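Chemist: pasting the structure only:
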């Protein structure tokens, strides 16, 4: 058996994390079959389908669409040496810049991007010898 999005309560996960996926999956293809379409049309045999909805409605979110020349810029917080950011995104493009910010006093910058379908974080620090830290999915 293969499950998408989590496991039934009777399942025994090998990892310590027991959280099922929360969100939308689109176009799940397995062995050449469009699983999402088959599940929607109740054509999976045998099937054990949990509480699924065949729409991606997130009532508390407001999406924004970016094209090749658009961006959204907000002011930083003065006198703050810490910032936190989180966002959800969906794209069919394998490359693109998700976030960029310069640090105060020309100390460097941070970039979050998608490169060949993988999310990467790049921290560039100008005041130290090893001046770039890369974290990739």
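Modeler: Sure thing, it's come through. The structure displayed is predicted, hence computed values, not measured ones. Numbering: from 1, shown residues only.

Chemist: Could I get the buried residue list for stretch 31-46?
Modeler: Neighbour counts over stretch 31-46 (16 or more other CB atoms under 10 Å) mark 35, 36, 39 as buried. Every C-beta, even on glycine, is put in place using the N, C-alpha and C of the backbone.

Chemist: centre of the chain versus that stretch, how much separation?
Modeler: Taking CA atoms, centre = their mean, to the nearest Å, one finds the center of stretch 31-46 at 25 Å from the center of the full chain.

Chemist: Does residue 39 touch residue 30 like I think?
Modeler: No: the criterion here is CB atoms under 8 Å, and residue 39 misses it with residue 30 at 10.9 Å.

Chemist: Name the residues that touch stretch 127-137?
Modeler: If you take CB atoms under 8 Å, 6 or more residues apart in numbering as the criterion, stretch 127-137 is touched by 107, 108, 118, 119, 120, 121, 122, 123, 124, 125.

Chemist: Now do the contacts for the first one.
Modeler: Shown here is residue 107, whose contacts under the criterion CB under 8 Å, 6+ apart are 125, 126, 127.
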